[in-house]
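Enquirer: what's the 3D shape of this:
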Amino acid sequence: MPLIYLLILALVQGLTEFLPVSSSAHLILLPSLMGAEDQGLALDVAVHVGTLFAVILYFRKDVASALRGALDVLRGNVKTDDAKLAILLVIATIPVVIVGLILKVTGLADAMRSIAVIGWAMLGFGVVLYWTDQQGKATKQMRDWTMREAVILGLWQTLALIPGTSRSGATISG
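Expert: Numbering: from 1, shown residues only. Now for the predicted structure:
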């Protein structure tokens with residue numbers, strides 16, 4: 001794969017990841033627009049890992065808090081705010097890991113990499129994002145996050161496994 005194509009993929013990922021649009025969908029649509037072969041899920045994951053490093057850097061104070069909390073939990077101290085954050089992050093991650101594994105094992109992850117799925121998901125979740133933007137004007141602090149909300153957020157994140165669904169849009173909606 002030419003280096004210029006990899007750079008374009010990285011640029012598309014970087015520009016779309018933090019907007020309430022699906023960066024994964026854009027990565028899938030890019031080869032169609034450029035007349036290239038689909039780069040596949042492995043390369044999509046690779047550019048997402050790059051984004052993960054950028055997020056960790058940007059949110060380094062929150063990441064440090066979660067890591068301190070994980071250490072607190074390992075030491076048996078689950079009463080700190082940092083420990084609560086670490087536990088709730090793990091809980092919110094469980095649904096997406098389970099559903100992601102199911103999609104991978106069953107082959108549905110590859111089957112969903114179609115323009116039709118992307119188009120319908122973008123339309124559907126665009127409506128959901130609009131509706132939640134109109135209805136939910138509340139903001140929440142991390143310290144107010146509950147176990148129930150972590151599970152709900154985790155379930156919303158599973159929807160973001162559908163290409164065309166924005167992770168940030170699903171999180172905002174959740």
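
Enquirer: Point out where this protein drops to low pLDDT.
Expert: 137-138 (pLDDT under 70).

Enquirer: what about stretch 59-70, distance to the chain center?
Expert: Offset of stretch 59-70 from its chain centre (C-alpha atoms, centre = their mean, to the nearest Å): 18 Å.

Enquirer: Just the residues contacting it, thanks.
Expert: Stretch 59-70 has contacts (C-beta atoms under 8 Å, 6 or more residues apart in numbering) with Ile56, Thr80, Asp81, Asp82, Ala83, Lys84, Leu85, Ala86, Ile87, Leu89, Met142. To be clear about C-beta, it is placed using only N, CA and C from the backbone, and glycine gets the same treatment.

Enquirer: Kindly report the same for stretch 108-125.
Expert: Residues contacting stretch 108-125 (C-beta under 8 Å, 6+ apart): 21-22, 25, 28-29, 32, 38, 41, 100, 102-103, 159, 161-166, 169-170, 173.

Enquirer: export that stretch as CSV, just CAs?
Expert: Provided in CSV are the C-alpha atoms of stretch 108-125 (Å, rounded to 0.1, in the frame of the first residue of the first chain):
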residue,chain,number,x,y,z
LEU,A,108,-20.5,-9.9,11.0
ALA,A,109,-17.8,-7.3,11.5
ASP,A,110,-16.6,-7.9,7.9
ALA,A,111,-20.1,-8.2,6.6
MET,A,112,-21.1,-4.8,7.9
ARG,A,113,-18.4,-3.1,5.9
SER,A,114,-20.8,-2.2,3.2
ILE,A,115,-21.9,1.2,1.8
ALA,A,116,-25.5,0.3,2.4
VAL,A,117,-24.9,-0.4,6.1
ILE,A,118,-22.9,2.8,6.5
GLY,A,119,-25.5,4.9,4.7
TRP,A,120,-28.4,3.6,6.8
ALA,A,121,-26.4,3.8,10.0
MET,A,122,-25.4,7.4,9.3
LEU,A,123,-29.0,8.4,8.6
GLY,A,124,-30.4,6.6,11.6
PHE,A,125,-27.8,7.8,14.1
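
Enquirer: Distance from the chain centre to stretch 132-147, please.
Expert: Worked out by C-alpha atoms, centre = their mean, stretch 132-147 lies 18 Å from the chain centre.

Enquirer: mind exporting that stretch as CSV, just the C-alpha atoms?
Expert: Extracted as CSV, the C-alpha positions of stretch 132-147 are listed here (Å, rounded to 0.1, in the frame of the first residue of the first chain):
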residue,chain,number,x,y,z
THR,A,132,-30.8,13.7,21.9
ASP,A,133,-29.3,17.1,21.2
GLN,A,134,-32.8,18.6,21.3
GLN,A,135,-34.0,16.7,24.3
GLY,A,136,-30.9,16.3,26.6
LYS,A,137,-29.3,19.5,27.7
ALA,A,138,-27.7,18.1,30.8
THR,A,139,-24.0,17.8,31.6
LYS,A,140,-22.6,15.5,34.2
GLN,A,141,-19.4,15.5,36.2
MET,A,142,-17.3,12.3,36.4
ARG,A,143,-17.8,12.1,40.2
ASP,A,144,-21.6,11.9,39.6
TRP,A,145,-21.3,8.9,37.2
THR,A,146,-23.3,5.9,38.5
MET,A,147,-23.0,2.1,37.8
